[in-house]
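Trainee: here's my sequence, what's the structure:
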Amino acid sequence: MASERTVAVVPAAGRGERMGGATNKAFLPLGDRPLLAHALGVLETCPLVDEIVVAVGEGEEDACRREVLEPFELRKVTGVIRGGASRQESVRLALRYVGTGAGLVVIHDGARPLLPHELLVRTIEAGRRSGAAVVGLPVKDTVKRVGADGHVAETLDRRRLWQIQTPQVFWRDLIQMAHARAAERGVIATDDAALVELLRHPVLVLEGLEENIKVTTPFDLLTARAILASREKARA
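Mentor: Numbering: from 1, shown residues only. Alright, predicted model coming up:
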């Protein structure tokens, strides 16, 4: 790697339609702070992360600084940029902002507020060694592929199926190449690892934790509040 610096990229430009409102879900309260402040806080306190770039919705840059960065003293955030219309575009724009000033990139969803510190460290260490490491959970339920007619087309073998989370950690030049190639070819993916896979670089999967949930629906927010309350009770 050209540099030993590790930069975290946090896409947080989602409109949160499934939350039932027009507000960016990253600014919704969880305990005493917004969701995004929780996600950034884990990265802020990790000694393996040198700086953070956040991608928010158009016109939300000042609100992010005012409501998230300044009140909670998130000093590792060196860039708050305007994200794109999709998560993939937001990450690509953030990677362009990072440029060549890092050797390793940690990509973590702004809507995953409860990332455990030890999981972050384990993934960064694995990504530094392998070039591409992600976390996920083995699928517990039976998974079926359903056709357009609403009938089951295939029952998949869940023993080899995983639900992938973030953080996802990559060598900086590798993930920038993956996003550039995807943009050239018009490839759309739901996570960054899928773009790296297209380059035929192996992606290591580490077992994550159920508490590292992504807040997408009101039920997810209730779950996150319960997890946070449980953590606070355990510390008391």
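Trainee: partner residues bridging residue 132?
Mentor: residue 170 (DSSP bridges).
Trainee: quick one: residue 115 from residue 145, how far?
Mentor: Using Cβ to Cβ, to the nearest Å, we find residue 115 at a distance of 31 Å from residue 145. C-beta: built from backbone N, CA, C; applies to glycine.
Trainee: just want to know which of those two has more residues nearby.
Mentor: Set residue 115 next to residue 145 and count neighbours by other Cβ atoms under 10 Å: residue 115 wins out with 26 against 9.
Trainee: excluding chain neighbours, give the residue nearest to the more buried one in space.
Mentor: Among residues not flanking residue 115 along the chain, residue 42 sits closest, at 4.8 Å (Cβ to Cβ, 6 or more residues apart in numbering).
Trainee: which residues touch that neighbour?
Mentor: By Cβ atoms under 8 Å, 6 or more residues apart in numbering, the residues touching residue 42 are 115-117, 120.
Trainee: residue 106 now?
Mentor: 6-9, 43, 49, 120, 123-124, 127, 167-169.
Trainee: switch to 6 Å and redo it
Mentor: Counting by Cβ atoms under 6 Å, 6 or more residues apart in numbering, residue 106 makes contact with 8, 167, 169.
Trainee: secondary structure class for it?
Mentor: For residue 106, the assignment made with DSSP: H, G, I helix; E, B strand; the rest coil gives strand.
Trainee: just give the nearest non-adjacent residue to it, would you?
Mentor: Computed as Cβ to Cβ, 6+ apart, the closest residue to residue 106 that is not its neighbour in sequence is residue 8, at 4.3 Å.
Trainee: how many other residues sit next to the one you found?
Mentor: Neighbour number of residue 8 under other Cβ under 10 Å is 31.
Trainee: and the one 5 residues further on, by the same measure?
Mentor: In terms of burial, residue 13 registers 26 neighbours under the definition other Cβ under 10 Å.
Trainee: quick one: contacts for it?
Mentor: Contacts of residue 13 by Cβ under 6 Å, 6+ apart are 55-57, 83, 90.
Trainee: ok, residue 228 next?
Mentor: Listed by Cβ under 6 Å, 6+ apart, the contact set of residue 228 reads residue 31.
Trainee: quick check: it vs residue 187, distance?
Mentor: To residue 187, residue 228 is 37 Å away according to Cβ to Cβ.
Trainee: now swap in residue 127 and tell me
Mentor: 22 Å.
Trainee: between those two, which one's more packed in?
Mentor: Using other Cβ under 10 Å as the criterion, residue 127 and residue 187 rank with residue 127 on top: 26 against 14.
Trainee: do I have it right that the more buried one meets residue 169?
Mentor: Yes - when contacts are counted by Cβ atoms under 6 Å, residue 127 is listed as touching residue 169 (2.7 Å).
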